[in-house]
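missing the sequence, but the structure's below:
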């Protein structure tokens, strides 16, 4: 009820003449001179408008190129994969100062080929290879 009384009081208060005169005097001119921007300003605006798209394309291109480059920081993983693919069970092979001995090969429940190996005295199966490699890096 108190809010309604204040709202009525505000609605009934007339707008001062000075404000009314300002509002009536604030008309826009009928004619205006349009000044074109200089060519360098228009070029700058166009560049800013397309900068985000260019940045996205450059980012995607860089990511794509990085996927095709050889991964020099993970040479242990590459050597381990070659050794697992080419070394017969029971034969020892050196992989970056560690002894790798494949013990047996099998097919898991998902139909994937796996190898049980010992690496520098640790027993691993080849499906655990990725977990082992992540713990080493």
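Looks like it arrived, so ask away. Keep in mind it's a predicted model, so treat the numbers as computed, not measured.

ok but residue 88 is inside a helix, no?
No - going by DSSP: H, G, I helix; E, B strand; the rest coil, the assignment for residue 88 is coil, not a helix.

point out where this structure drops to low pLDDT.
Counting by pLDDT under 70, the chain has low-confidence residues at 26-30, 70-74, 121-137.

which strands and helices lie in contact with the longest helix belonging to the chain?
Assignment by DSSP state H gives helix 39-68 as the longest helix of the chain. Applying 3 or more C-beta pairs under 8 Å, 6 or more residues apart in numbering; DSSP states H and E, we find helix 39-68 packed against no helix or strand. No exception for glycine: its C-beta is placed from N, CA and C like everyone else's.

from here on, count from 58
Okay, using 58 as the starting number, the last item reads as helix 96-125.

show me how far it is from its chain's centre.
How far helix 96-125 lies from its chain's middle: 16 Å, per C-alpha atoms, centre = their mean, to the nearest Å.

and stretch 141-154, by the same measure?
Remark: stretch 141-154 is offset 38 Å from the chain centroid, using C-alpha atoms, centre = their mean.

other residues contacting it?
Contact partners of stretch 141-154, identified using C-beta atoms under 8 Å, 6 or more residues apart in numbering, comprise 132-133, 136-137, 140, 156-162, 172, 174, 176, 183, 186.

follow-up on the earlier one: which parts of the longest helix of the chain are buried?
The neighbour-count check on helix 96-125 (16 or more other C-beta atoms under 10 Å) flags nothing as buried.
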